[in-house]
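**Student:** Dropping a prediction and its sequence here:
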Amino acid sequence: MYLKRILVTLYLAALSGMPFLVQAAGMENNLSLDNNNSVVNTNNTTGYSSNDGATAGTDTAATKHDESWWQRSKNNISKTWSESPNHDIYIPAITWHNRWTYDKEKTDEYNERPWGAGYGVSRLDEDGDWHSLYIMAFKDSHNKWEPIGGYGFEKRWRPTSDQDFQLGLGFTAGATMRDNWNYIPIPVLLPLASISYHKLSFQATYIPGTYNNGNVFFAWFRWQI
């Protein structure tokens with residue numbers, strides 16, 4: 001019980017910092033783009049006029065800025081599907097119903113051992129960020145099978161000199177089906193957080209909800225094979 005509360009507290013603390021980290025990542029990407037454009041302009045001075053080089057750099061930047069969010073998403077999913085070099089095994093580890101939002105009679109009845117497994121493919125992009133397509137099935141709160149699948153993205157940070165140690169924050173978008181909803185596909189959009197070392201990752205999400213409904217911490221291990 002105490003271990004689960006500690007894990008949930010750490011996870012929620014990480015999520016609270018997500019907006020600031022995402023903003024910082026956006027600033028970093030913009031700086032990187034500006035630097036790349038400067039390199040393009042410098043290289044293009046050989047064999048072309050300075051105006052030609054400036055135009056090429058401007059066109060490249062404009063293309064990236066003009067690309068819509070929807071188009072980027074489609075490109076990322078397509079590339080993850082067709083070009084991912086990594087294959088992953090998912091092992092569900094913990095489900096925990098937030099005791100501050102549930103009556104004890106409810107939590108006493110719920111299953112919190114999500115036996116199951118999953119499979120996915122993943123890749124790191126040119127910025128070192130993580131993309132994945134996955135499917136997983138596990139025992140839900142009522143001890144019924146629940147499948148879930150979709151696309152996952154995490155912005156990755158490497159806070160130490162050991163590049164194999166990584167922290168991630170992002171989201172997953174996909175669909176799930178539950179027994180108590182007659183296995184009708186339900187779209188999901190949830191936060192993701194992870195701690196990774198080399199091929200092993202501990203990933204988690206939090207399903208928001210109301211009193212006696214939702215508010216579940218769900219975590220799993222992911223092993224790159």
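**Tutor:** Looks like it arrived, so ask away.
**Student:** mind checking how far Glu146 is from Val121?
**Tutor:** Distance, Glu146 to Val121, using CB to CB, to the nearest Å: 21 Å. C-betas here are computed from N, CA, C, even on glycine.
**Student:** give the contact list for Ala204.
**Tutor:** 7, 11, 94, 192-194, 217-220 (CB atoms under 8 Å, 6 or more residues apart in numbering).
**Student:** Output the helix or strand where Gly174 lies in CSV with nothing but the alpha carbons.
**Tutor:** Gly174 is located in strand 165-176, with elements delineated by DSSP states H and E. Only the C-alpha atoms of strand 165-176 are listed here, as CSV (Å, rounded to 0.1, in the frame of the first residue of the first chain):
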residue,chain,number,x,y,z
PHE,A,165,19.1,6.7,-18.2
GLN,A,166,16.0,8.6,-19.5
LEU,A,167,12.9,10.4,-18.1
GLY,A,168,9.9,10.8,-20.3
LEU,A,169,6.7,12.8,-20.3
GLY,A,170,4.0,12.6,-23.0
PHE,A,171,0.7,11.1,-23.9
THR,A,172,-1.1,8.1,-25.4
ALA,A,173,-4.0,8.3,-27.8
GLY,A,174,-6.0,5.2,-28.8
ALA,A,175,-9.0,3.1,-27.8
THR,A,176,-10.0,0.6,-25.1
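**Student:** and it, what other elements does it pack with?
**Tutor:** Contact here means 3 or more CB pairs under 8 Å, 6 or more residues apart in numbering; DSSP states H and E; on that basis strand 165-176 packs against helix 2-16, helix 18-43, strand 145-157, strand 186-197, strand 200-207.
**Student:** Between Glu146 and Val121, which is the more surrounded one?
**Tutor:** When neighbours are counted by other CB atoms under 10 Å, Glu146 comes out ahead of the other of Glu146 and Val121, with 21 against 17.
**Student:** and the spatially closest residue to that one that is not a sequence neighbour, what pLDDT?
**Tutor:** Leaving aside its chain neighbours, Glu146 sits nearest to Asp140 (4.1 Å; criterion: CB to CB, 6 or more residues apart in numbering). As predicted, Asp140 sits at a pLDDT of 97.
**Student:** ok, now Glu67?
**Tutor:** Glu67 is assigned 75 on the pLDDT scale.
**Student:** For it, give me its contacts.
**Tutor:** Counted by CB under 8 Å, 6+ apart, Glu67 has zero contacts.
**Student:** Please report how far it lies from Gly120.
**Tutor:** Taking CB to CB as the measure, Glu67 falls 26 Å from Gly120.
**Student:** Give the phi and psi angles for Glu83, as a check.
**Tutor:** Main-chain torsions, Glu83, degrees, to the nearest 10: phi -120, psi 10.
**Student:** hang on, it packs against Arg123?
**Tutor:** Yes. Between Glu83 and Arg123 a contact is recorded at 6.5 Å, counting by CB atoms under 8 Å.
**Student:** The two: who's more crowded?
**Tutor:** More neighbours surround Arg123 than the other of Glu83 and Arg123, with 17 against 10 (other CB under 10 Å).
**Student:** and the more buried one, what element?
**Tutor:** Going by DSSP H and E, Arg123 is part of strand 116-124.
**Student:** helices and strands around the helix or strand just after that strand, which ones?
**Tutor:** Note on strand 116-124: by DSSP H and E, the next helix or strand toward the C-terminus is strand 130-139. Here strand 130-139 touches helix 69-83, strand 86-97, strand 116-124, strand 145-157, going by 3+ CB pairs under 8 Å, 6+ apart.
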